[in-house]
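**Student:** Fold the following for me, if possible:
(chains A, B, C and D)
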Protein chains: 4
Amino acid sequence: MTIEISAHFTFELDGPTDILLQYEAADIPEQSVLWTDSRIDKSDYFARVAAQDEIGTRIWLRKEGHCEVDYKARIAIHRLTADLSALPAMQQHELPGETVQYLFDSRYCPAERFHSFVQEEFGTIEGGAKIVAMRDWVADHMSYEPGSSHSNTTALDSFVERRGICRDYAHVIVTMARAAGIPARYVSVYAPDVAPPDFHAIAEVFLADPDGSGRGTWHMVDGTFMADPEHTVKIGVGRDAADVSFLTSFGACDFREKTVRTEIVSD
Amino acid sequence: MTIEISAHFTFELDGPTDILLQYEAADIPEQSVLWTDSRIDKSDYFARVAAQDEIGTRIWLRKEGHCEVDYKARIAIHRLTADLSALPAMQQHELPGETVQYLFDSRYCPAERFHSFVQEEFGTIEGGAKIVAMRDWVADHMSYEPGSSHSNTTALDSFVERRGICRDYAHVIVTMARAAGIPARYVSVYAPDVAPPDFHAIAEVFLADPDGSGRGTWHMVDGTFMADPEHTVKIGVGRDAADVSFLTSFGACDFREKTVRTEIVSD
Amino acid sequence: MTIEISAHFTFELDGPTDILLQYEAADIPEQSVLWTDSRIDKSDYFARVAAQDEIGTRIWLRKEGHCEVDYKARIAIHRLTADLSALPAMQQHELPGETVQYLFDSRYCPAERFHSFVQEEFGTIEGGAKIVAMRDWVADHMSYEPGSSHSNTTALDSFVERRGICRDYAHVIVTMARAAGIPARYVSVYAPDVAPPDFHAIAEVFLADPDGSGRGTWHMVDGTFMADPEHTVKIGVGRDAADVSFLTSFGACDFREKTVRTEIVSD
Amino acid sequence: MTIEISAHFTFELDGPTDILLQYEAADIPEQSVLWTDSRIDKSDYFARVAAQDEIGTRIWLRKEGHCEVDYKARIAIHRLTADLSALPAMQQHELPGETVQYLFDSRYCPAERFHSFVQEEFGTIEGGAKIVAMRDWVADHMSYEPGSSHSNTTALDSFVERRGICRDYAHVIVTMARAAGIPARYVSVYAPDVAPPDFHAIAEVFLADPDGSGRGTWHMVDGTFMADPEHTVKIGVGRDAADVSFLTSFGACDFREKTVRTEIVSD
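**Tutor:** Take a look at the predicted model:
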């Protein structure tokens, strides 16, 4: 599966400002960057640093005035996908150290508070089937309403108000999974069926491999059903939306325009 | 400086339960574990995994019934301490990748919301002096009131209500530092002057080294003024209190008793 | 039905302090105060003012030092009770002016946020049957856990965490009723089956009278099922718990002890 | 002082929907309605009910389809204004019963949580001077930013983020006043200097009359400084913004346009 991406956005900075960007497809085993053209206006300072869990990179800039980012890439996806509902549960004590942080509460995912609900609603289902039930709960009970959430909206807000956008759907799934003791992280992605075309966000959960090895793998889950794992390009991961913004500005930044395009070019 | 620690706690588990513990002094360059005796009742399963930022370890157990943890250790501290107020500011774009997560909002530290306050209150001060001003603000405006906070209390709550315990003091400092673009993390520690004796929590901030190298170092900050960096033993670090509980139980756990002792045994 | 009440509580005031008390059975058509003996230590100032909706009275004191309140009363209850599930819906536009405030959000009852949930869960049921369904939802999904809530806990918190005490059960029912456009208020009461004996809180909802007159009546609802309307003595009403505390102090107040007894003395 | 008002707004209702309106100048001693012309499209049902504290009226409608409200009025204001800073403090125990509800927390005004801040910041100032200090604090520390707040924004949010619109300025003042034991309510008004022209909101506080009578009066306070009490026309009052919306719909309502004009026509 080959995917072609283009993203273009502009912003204005009053004075010299530090900017952190994360918008490029990650070059990781499950997806290969075949070709890339990433252009950013000349800046005083430019550096790439590894992003969370070594998935993708973050770009540090120091710039002033009008800024323009133009990105094009072609990505081959060779992600192994599984039937989630058939995956066995992983016991917490078998979890590798690097997944432990994804069991804990984060800015938008106050999982501790959902223990009772998750136990009551999903307590009799185990492993991947539990995740499928959570994903379907979100799809059934939430409505997709652009403009209904904002930068302070947590999974608790979305759960009560039962509406949101991809960010909020992902937060609710991440929160429920963690409340059930399953590591869950937030993933920023490109996906071709996202409507209207934009950056997209989904959840990923860590489930046991079916071979009885005691090892586990991260699996994508999307309560909006807009991102098919076979066509989805990962940009970066984090505890929740606080960690993987495509643009973070340390100073006044006037965001102007954004165009995102993601297309399947071959199967 | 040599510190002697003892910690003892017990809890009851109704059925077989996964438990995550993090209570041991970290063995890291700034502090050496001279001698340690860590005893946990025999369990079905026991594993150590690396904790956040490779500071300390977490212990996975699977146990049932009465559980007892008994820990004794002697630690030599050779931490270099600096006059915070003299440390220069580090520019965001120079920050190494692994510190970037500590700029972002976390469960108890909604830093984004404090931009205006931090700009108004501390906007004219830079670098370490800004951190000192934040620490002193917290010491001046908050009162130490055991029982005034609970597991849902965020830095925003503590900032408004102006009271809390070590956890809350650390959260407010971490939040303000991040709102000023300075990486800040939460540190679980042993410290001899903590009254009453207990596990303690402080903040750490990442500031530029004074040698102009463009590199930086983590520095301890304690708004309660109970932990002197020269006597403080690190257990672990995280984004905030959500990440470094000494005991996390994945199932019903009835916590019984806890005794913590930290003493200076030589200078 | 005759009910005998006794309440006794003490508190200490460092300096002269204004105190607002509301602990006496209201003398209203649905319940007659047969006999009462309400003793408060001599104070600098004492006044009674009408409480909300003219139900009961509030007492203003100005006192200092040790304070003791001793209250005994005998109340005859002749409240007409109805089968809630048979009561028709009242249309909003028929609501009398004094009930309108009970449609709106209050401190602990952010009803606006529950529109979607209430529509989804109870949208097909009307009138009193809808209230019965809400009461049963609360009884089925929440667990009664003393100590699980505190002074900042809202109906939203209780709804998510699915636990609380009488105050929280009442808040959730009030919130859901308002979200469905049914006026709902919070009632502070004495009731004989409350265990352990204490002040109790329930909800009241305004439903249409079954005679087709277009008029309505307030009806008690208790998700804890501890207060039978035929045995329940009203103290006061409000928008939520913020309005009907039995003791509000405008200055430091050290609360000491409280004993509440409510008994059926004749049927 | 004579003020001329015109307000015009339209909305669409999918099906028959109950609507509550409150947009007309209140006819009360401090302001006389000289002339009024209030037109609402014919509806299935129309009723006026008294609004909170008998200030103004609320209108109940039941309508469907396109709706248009057209309102014109001329109001003579003969409000007595006082130099707030010279008004003495009123002791809580002297407060009349109907003001007591304005001491308590409401949906957007969690006053209890501000005790420490208010004591620390304004503890040495009394009476009207304390209110003036609160109003000036708000004017100095908050910035007026349309779009920065939304329907869930409380005074706590505005206090931390230090920005908002008239609604938020009023909420912060109301909250601080209550936290200091001074009754405070929220007032919906027309005022000629509001820019851009719109409905406006301010606070009102209950302070002692300077004649030593032990009686008190409500006084307007506006942290945005856009409403001069001599030119301000009251529509209605409430505990906070939850109580005095100009339009509340009990069902889907698509709000279309709004024009508000307020002019001084004679002095």
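
**Student:** Going by C-alpha atoms from here, please, whenever you check contacts or count neighbours.
**Tutor:** Fine.

**Student:** does chain B sit close to stretch A:37-54?
**Tutor:** Yes - using C-alpha under 8 Å from any C-alpha of the partner chain, stretch A:37-54 reaches chain B at A:Y45, A:F46, A:A47, A:V49, A:A50, A:A51, A:Q52.

**Student:** What ranges does the stretch 101-250 of chain A have for its strands?
**Tutor:** Along the stretch 101-250 of chain A, counting by DSSP state E, counting those that start in this stretch, strands occupy A:143-144, A:163-164, A:184-190, A:200-208, A:216-221, A:233-238, A:247-250.

**Student:** Mind putting the ones you listed into TSV with mean neighbour count and mean pLDDT?
**Tutor:** Listed next are these as TSV, based on neighbours: other C-alpha atoms under 10 Å in any protein chain shown; pLDDT from 0 to 100:
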stretch	mean neighbour count	mean pLDDT
strand A:143-144	16	97
strand A:163-164	24	97
strand A:184-190	28	98
strand A:200-208	25	98
strand A:216-221	19	97
strand A:233-238	26	98
strand A:247-250	17	95
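
**Student:** of all the residues of stretch A:37-54 next to chain B, which two lie farthest apart?
**Tutor:** A:Y45 and A:Q52 (21.6 Å; C-alpha to C-alpha).

**Student:** Among these two, which residue is more densely surrounded?
**Tutor:** A count of neighbours by other C-alpha atoms under 10 Å in any protein chain shown puts A:Q52 above the other of A:Y45 and A:Q52, at 19 against 13.

**Student:** just checking, A:A73 touches A:T2?
**Tutor:** No - under the criterion of C-alpha atoms under 8 Å, A:A73 is not in contact with A:T2, lying 10.3 Å apart.

**Student:** Comparing the two, which residue is more hemmed in?
**Tutor:** Between A:A73 and A:T2, counting by other C-alpha under 10 Å, A:T2 is the more crowded of the two (21 against 18).

**Student:** Of the residues of stretch A:37-54 next to chain B, keep whichever come out buried.
**Tutor:** Buried subset of the residues of stretch A:37-54 next to chain B (neighbour count, 16 or more other C-alpha atoms under 10 Å in any protein chain shown): A:F46, A:A47, A:V49, A:A51, A:Q52.

**Student:** Skipping its backbone neighbours, what lies nearest the fourth one in space?
**Tutor:** Read that as A:A51. A:T57 (4.7 Å; C-alpha to C-alpha, 6 or more residues apart in numbering or on different chains).

**Student:** Pull the number of nearby residues for the one you found.
**Tutor:** Applying other C-alpha under 10 Å, we find 22 other residues in the vicinity of A:T57.

**Student:** hang on, it packs against A:V49?
**Tutor:** Yes - look at A:T57 against A:V49 with C-alpha under 8 Å: they come within range, at 5.6 Å.

**Student:** Okay, and which of the residues of stretch A:37-54 next to chain B map to helices?
**Tutor:** In helices, judged by DSSP state H, none of these are found.

**Student:** so which residue of the stretch 151-267 of chain A comes closest to chain B?
**Tutor:** Nearest to chain B in the stretch 151-267 of chain A, going by C-alpha to the nearest C-alpha, is A:A242, at a distance of 5.9 Å.

**Student:** Repeat that for the stretch 101-250 of chain A.
**Tutor:** Counting by C-alpha to the nearest C-alpha, the stretch 101-250 of chain A gets nearest chain B through A:R107, at 3.7 Å.

**Student:** ok, the closest residue in space to that residue that isn't next to it in sequence - contacts?
**Tutor:** Among residues not flanking A:R107 along the chain, B:R107 sits closest, at 3.7 Å (C-alpha to C-alpha, 6+ apart). The contact partners of B:R107, taken as C-alpha atoms under 8 Å, 6 or more residues apart in numbering or on different chains, are A:D105, A:S106, A:R107, A:Y108, A:C109, A:P110, B:T154, B:D240, B:A242.

**Student:** May I ask which helix or strand encompasses A:I3?
**Tutor:** Using DSSP states H and E, the element containing A:I3 is strand A:2-21.

**Student:** Downstream of that strand, the next helix or strand is which one?
**Tutor:** strand A:31-40.

**Student:** Contacts for that following strand next, please.
**Tutor:** So strand A:31-40 is contacted by A:25-27, A:67-79, A:233 (C-alpha under 8 Å, 6+ apart).

**Student:** Now it - C-alpha only, PDB.
**Tutor:** The C-alpha trace of strand A:31-40 is given here as PDB (Å, rounded to 0.1, in the frame of the first residue of the first chain):
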ATOM      1  CA  GLN A  31       5.900   2.200   7.300                       C
ATOM      2  CA  SER A  32       8.700   3.300   5.000                       C
ATOM      3  CA  VAL A  33       9.200   6.800   3.700                       C
ATOM      4  CA  LEU A  34       9.900   6.200   0.000                       C
ATOM      5  CA  TRP A  35      10.300   9.800  -0.900                       C
ATOM      6  CA  THR A  36      10.000  13.100   0.900                       C
ATOM      7  CA  ASP A  37      10.200  16.800   0.300                       C
ATOM      8  CA  SER A  38       9.900  18.900   3.400                       C
ATOM      9  CA  ARG A  39      10.400  22.700   3.000                       C
ATOM     10  CA  ILE A  40      10.400  25.200   5.700                       C
END
